Each structure stands twice: as C-alpha cells, then as structure tokens.
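Asks: give the three-dimensional model of this entry:
(chains A and B)
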Amino acid sequence: MKFINKGTFTGLTNIKTTIPRAFKMVFSNPIYITISVAIFTAFWIIFNVFDQLLFFSPIITFYLPDDNDVVNGFIISNIMSLLIGILVSMNVYVIRNSNLRLDKSIFSGSILGIASSACASCSSIGFIIISAFGGFGIIITNFLTNYQTLLRIMSIAFLLWALYSVHNRITKSCVFSPNKNTKKQKQ
Amino acid sequence: MEKNNICIYVFAITSIVSVLLLFNSITLASSSSSSFLHSILQLFNNKTPEVFAQLNDENGNGTLSLANLIKQGSTYQGSKFASVVIIDFSDLQCKLCQRFVKYTEPQINSTYVQTGKVTLVFKHLPNRGFDSFPAAIAAQCTNDQGKFWQLHNFLYNVQGPIDSGWASKNNLEKLALQITGLDKQMFNSCFENQKYKSFTDADLALAHSLGFTQTPSFIIVKNNGTDIQKLEGPQPFVEFKAVLDKELVGAR
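Replies: All right, here's what the predicted structure looks like:
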C-alpha cells in the first residue's frame, strides 16, 4: 500500500506536463538523441534477429510475413526498442547531471523482453536452455514461447514504469547536483 | 551500500544458476549431450562446408547423397534425379518451422521442386518439447502408407502451443485418422510399437553431428551429397533462391 500513495497519484495527474518537460530537457541535446537512435537501432536488430525477421546470410534481408502473430510481435518489439532507446538516454542524462543511481526498472523490462524474444524463437539460445537445464529447460522455454506476447506486453509495462520513474527524477530538479548544474551554467 | 546491492544480486543470480545446473546434472547425468558446456560448444559449432564434406566418401555417395537419404527411408518431395537437394531439419511443434512451411516452402515447391530442379528431403529434429518426438514418429509412420506430407502439412496447420496437448500421443492418433485413406490399424501398430524411434534418433544424431541446434535448419547439397551449403531459420524465399541458383549453376 506504501507503493500507491498520494504522491503517485499527483505525479500521474501531472504526467501530461512533466513528461514533455523531461523529454525537452534531455533531447534538447543532440548527444542524447544520438544515444537513443543508436540504442534503438541496436535493439531493433537484436529483436528482429531473434524473431527471425532479419537475416544477414547469404544476403541481408528483412522479411515480415503476412501473419498476425508475427506482425503483432514486430510492432511490440519496435515499441520495446523505442522505449529502451529513450530510457537509456534519460538514465545517462540523470547519471551525468546528478548523483542518482541508474534506474533498475529499465533492466527488468529489457531483460524480460529479450528473454521472451530469444527463447521463443526455437533459436540456439532456446536450445541452450533446454540442453543446460534438461526437462526443466523445456518447461522454461515452453513458458517463454507460449506466453511470448504476454511477456512482451509485461516488458512494455515495466519499461513504461521505468520511463515514469526516470522522468520523475529529471523533473524533480532538487535531486540534481547543484555543483554540476552550476558548472554547466558557467560554461 | 551500492556495492552491497550488486553483491547481493550477483550472489542471487549465481545461486539460482547453480541450483538449476545441479538439478540438470542430477536429472540428466546419463546424457552426455545435455551438459551446459556441450550446448555452448554446439552453439559455436558452426561447421564449415569443408567439415560437412567429410561426411561423404571419395565417390561422393556419402551420408548426404540423395540416393543414400532415400535408401535410409527419408521422406522427400520431387525428382530422384534433381541436381540439387534441400535437407530440411524440422520439429513438428516448432512455430518457426510452421512459418517456413506456410510462407517459404510453397514458393520453393512451385519454383524448384515441381520443375524437377530440386528435391526437398525432410529430417526430424525434435528438440522443442516433450511431444516433439512422438509427433516425429507419428509422421514417419504415415510414410509407410505414402501419407507423410499430408500429415506433415496437416500438423503444421493445426499446430498449437508447445506441449499444450495438441501433439500428445492420443491426439496424434486422432489427428492421423483425419488423413484421407490412412489405414488406422497399420498406423496404430507402427506408432504404438515406436517403429521409427531409432530412425528418428538417427535423424537427431545427424542434425547434431552437423552442428544444428535450432529448427528449422537446412543444408543444400548436390545430388551426390557434395558442395554443402548451410541455412538456418525460416529464411525467406530470396535467401533460398540465392543459394539454389548458385548451386544449380554449379551442378550443370
């Protein structure tokens, strides 16, 4: 019950103004845009390789079959890549401009997303889990495969929570290191 | 404080992995292929065509020649005399294999198999779930009556979540009965006696010897089993076309 307190609700009602403000603060600097684009591209490639939509050999091909499950998975993985890209930039901004630590919720969302993608694809990684953990590995990979979409949606929820959390850190100016801010202002 | 937290996370993850590895070593101690190290090695065991070629004898009539594959009882589509052969290692429970069968295989079939240029051979690689092996045996049993490809296509059409019961032994018997003209008694006798268990084991061993761990995996060879090319995953038609055209030019 401590988790949902009055402050959380207030934060949620102010989200319409605070999120754009956080974005403006971070992405006004081209470095953070570059970081976001780079991370988005890296994760886009990772997810599409795991989903077996992007092939590098014998020729580089991106192939999206006209299948509802595949298209839905592609849309979800794009959202995940985008969120991870934005979150990494925002966390870098927080680390560089304050004494705060990295927001751990980004890891839970990213790891869950990658795990559900990698293990669901009948890929070598799934095989490793099966080989390493035997019957238990089959149960793990089956769970990840059969509930892939649900797990990815959960992953998006974690990432959205991470976004909310990190935007709070950015917009609450009092947590930022005064020394660093002063240095920047002097520059 | 931060360092303490990191230590706790590392300790927790290490403990979980250790417990799972211990569980694995207890339950699967008898199987040498189940070790984690072995599977890691297999992942990086991306054999080159030169290594594959060692599977053939000096006359070129080795393990992967079409004549030998047919002699072993492998199921195939197309001409016995096609100059190029695609060997498909698949699991009937695998979703990506279903994607290949649904989107890529028809294009390969109409462009290369129906025209007599290529033969498609099916090999079992049942490693996705507990029901994969019985599904492979059931499919192989229908081959005795010339109905393999009907059941193969039918199973991919009705495929459900892995190990959800759709490919249980009882359900496989029911599904097989829906194949027009299949002799029920003959099929049941074959399936219940696991007539093709050793055959499926041999397919699995061949796949592992080739370094295949994921499904679907393919090798493309000349009719005599030489000039081996490897493809992994449900690759689109353009990828197969690139390899097949090159192989067909070389085969002339």
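Asks: does chain B sit close to the longest helix along chain A?
Replies: When chain A is parsed with DSSP state H, its longest helix is helix A:68-97. Yes: interface with chain B: helix A:68-97 contributes A:V70 (Cβ under 8 Å from any Cβ of the partner chain). In this view, the C-beta of every residue, glycine as well, is placed from N, C-alpha and C.
Asks: who are the packing partners of that helix?
Replies: On a contact count with 3 or more Cβ pairs under 8 Å, 6 or more residues apart in numbering or on different chains; DSSP states H and E, helix A:68-97 meets helix A:15-27, helix A:30-50, helix A:105-120, helix A:148-171, helix A:178-186.
Asks: out of the ones you listed, which gets the lowest mean score?
Replies: Ranked by mean pLDDT, the helices and strands packed on helix A:68-97 bottom out at helix A:178-186, with a mean of 47.
Asks: state the helix or strand in which B:F212 lies.
Replies: Assessed by DSSP states H and E, B:F212 sits outside every helix and strand.
Asks: show me what counts as buried in stretch B:231-250.
Replies: Using 16 or more other Cβ atoms under 10 Å in any protein chain shown as the burial criterion, the residues of stretch B:231-250 that qualify are B:231-237, B:239-244, B:247-248.
Asks: what's the offset of it from the middle of its chain?
Replies: Here stretch B:231-250 is found 18 Å from its chain centre; the criterion is Cα atoms, centre = their mean, to the nearest Å.
Asks: and for it, what's in contact with it?
Replies: Contacts to stretch B:231-250, defined as Cβ atoms under 8 Å, 6 or more residues apart in numbering or on different chains, come from residues A:52, A:55, A:57-59, A:61, A:63, A:65, A:123, B:83-84, B:86, B:96-97, B:99-100, B:103-104, B:107-108, B:111-112, B:117-118, B:212, B:214, B:216-222, B:227, B:229.
Asks: same for whichever strand or helix holds B:V85, what does it pack against?
Replies: Element membership for B:V85 (DSSP H and E) is strand B:84-90. Strand B:84-90 is packed against helix B:66-72, strand B:118-124, strand B:217-222, helix B:237-251, with contacts defined by 3+ Cβ pairs under 8 Å, 6+ apart.
Asks: with distance to A:L82 and mean pLDDT as new columns, can the ones you listed be given to me in JSON lines?
Replies: Shown next, in JSON lines, are those (distance: least, Cβ to Cβ, whole Å; pLDDT from 0 to 100):
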{"stretch": "helix B:66-72", "distance to A:L82": "47", "mean pLDDT": "90"}
{"stretch": "strand B:118-124", "distance to A:L82": "40", "mean pLDDT": "96"}
{"stretch": "strand B:217-222", "distance to A:L82": "32", "mean pLDDT": "93"}
{"stretch": "helix B:237-251", "distance to A:L82": "28", "mean pLDDT": "90"}
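Asks: closest to B:F133 out of these?
Replies: With Cβ to Cβ, the closest approach to B:F133 among those belongs to strand B:118-124: 8.4 Å.
Asks: anything in whichever helix or strand comes after that closest one near chain A?
Replies: In the C-terminal direction, the helix or strand that comes right after strand B:118-124 (DSSP H and E) is helix B:132-143. No: contact of helix B:132-143 with chain A (Cβ under 8 Å from any Cβ) is absent, the minimum separation being 9.3 Å.
Asks: what helices and strands are in contact with helix B:132-143?
Replies: Using 3+ Cβ pairs under 8 Å, 6+ apart: helix B:132-143 touches strand B:118-124, helix B:148-157, helix B:169-177, helix B:184-192, helix B:197-209.
Asks: switch the helices and strands packed on strand B:84-90 over to JSON lines; also include distance to A:R152.
Replies: Converted to JSON lines, these look like this (distance: least, Cβ to Cβ, whole Å):
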{"stretch": "helix B:66-72", "distance to A:R152": "40"}
{"stretch": "strand B:118-124", "distance to A:R152": "30"}
{"stretch": "strand B:217-222", "distance to A:R152": "25"}
{"stretch": "helix B:237-251", "distance to A:R152": "26"}
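Asks: out of the ones you listed, the one nearest A:F158 is which?
Replies: strand B:217-222 (33.4 Å).
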